[in-house]
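Enquirer: The sequence isn't on hand, but the structure is:
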């Protein structure tokens, strides 16, 4: 087992130069989440809040961020009913999640969010912060390819990223989250219009059309077909 682990680690280190800095781990529960950073330098042009006057506020793509009136909020909003630190946000596999901590409420499509609970925000939603209404747009400018996963999950392939890691490890780009997915499960790679997958000696295997793939070998994923990690029924449609 030790020899196999060292082999995989060495392989990932060998191809590591093809990766950009991975995003911070998206928490699965508020208790396990990291603290809000003081400031986040990376802002994604792919994700923003569009205000009623047409202005667009870029949302940080990495880590957890704060929305509100206070000067230390990564996303600053105006409005008498907007709290100083109104709510928190973070992206998980390309989807926005919000946790309200305001006095006057955070609204998604007219429905008030429960306080202090993480809630997934559908794309194109109308967001209300107090009485200030914004239109949420995700992935509308130079976005990477979107991959649909099981149980409504979505992964946006990072723009200009040729290869992505798949697994439950913190440094993975695509984190399926299932218990039978290894920390370093597989690699996905774009070659022109093709998508290739390599199983990196995972415990439960990687599958195309229900067939388990040979580990440490690149396999083309047919267009319109799914690739599954761990459970052959949990397909991610390419």
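Expert: Happy to help now that I have it. Predicted model only: the values in this text are computed from it and were never measured.
Enquirer: What segments of this protein are helices?
Expert: When assigned using DSSP state H, the helices of the chain occupy the ranges 2-15.
Enquirer: if I pick residue 222, what's in contact with it?
Expert: Neighbouring residues of residue 222 by Cβ atoms under 8 Å, 6 or more residues apart in numbering: residue 208. To be clear about C-beta, it is placed using only N, CA and C from the backbone, and glycine gets the same treatment.
Enquirer: could you redo the last one with a cut-off of 10 Å?
Expert: 194-195, 208-209, 238 (Cβ atoms under 10 Å, 6 or more residues apart in numbering).
Enquirer: same thing with residue 174?
Expert: 93-94, 147, 149, 153, 155-157, 164-167, 181, 185-188, 229, 236.
Enquirer: That one and residue 125: what is the separation?
Expert: Plainly put, residue 174 is 23 Å away from residue 125 if you go by Cβ to Cβ, to the nearest Å.
Enquirer: Give me the phi and psi angles of the closest residue in space to residue 209 that isn't next to it in sequence.
Expert: On the basis of Cβ to Cβ, 6 or more residues apart in numbering, the spatially nearest residue to residue 209 that is not a chain neighbour turns out to be residue 225, at 6.2 Å. Phi and psi for residue 225, reported as degrees, to the nearest 10, are phi -100, psi 160.
Enquirer: Run through the bridge partners of residue 212.
Expert: Using DSSP bridges, the beta-bridge partners of residue 212 come out as residue 207.
Enquirer: Contact partners for it?
Expert: 199, 204-206, 228, 232.
Enquirer: And residue 210, by the same measure?
Expert: Taking Cβ under 10 Å, 6+ apart as the contact definition, residue 210 lies against 226, 228, 232-233, 235.
Enquirer: list the buried ones in stretch 222-236?
Expert: For stretch 222-236, burial by neighbour count (16 or more other Cβ atoms under 10 Å) applies to 226-232, 234-236.
Enquirer: wait, which of those is closest to residue 56?
Expert: Lowest distance from residue 56 to the buried residues of stretch 222-236 (Cβ to Cβ) belongs to residue 236, with 30.1 Å.
Enquirer: Looks like that closest one contacts residue 181 (just checking).
Expert: No - under the criterion of Cβ atoms under 10 Å, residue 236 is not in contact with residue 181, lying 11.3 Å apart.
Enquirer: what residues do these two have in common as contacts?
Expert: Taking Cβ under 10 Å, 6+ apart as the contact rule, residue 236 and residue 181 both touch 166, 174, 228-229.
Enquirer: So, low pLDDT: which residues of this structure?
Expert: Low-confidence segments of the chain, defined by pLDDT under 70, are located at 1-46, 51-55, 132-144, 160.
Enquirer: Grab the most central residue of it for me.
Expert: Nearest to the centroid of the C-alpha atoms of the chain, with distances taken as Cα atoms, centre = their mean, sits residue 93, at 2.1 Å.
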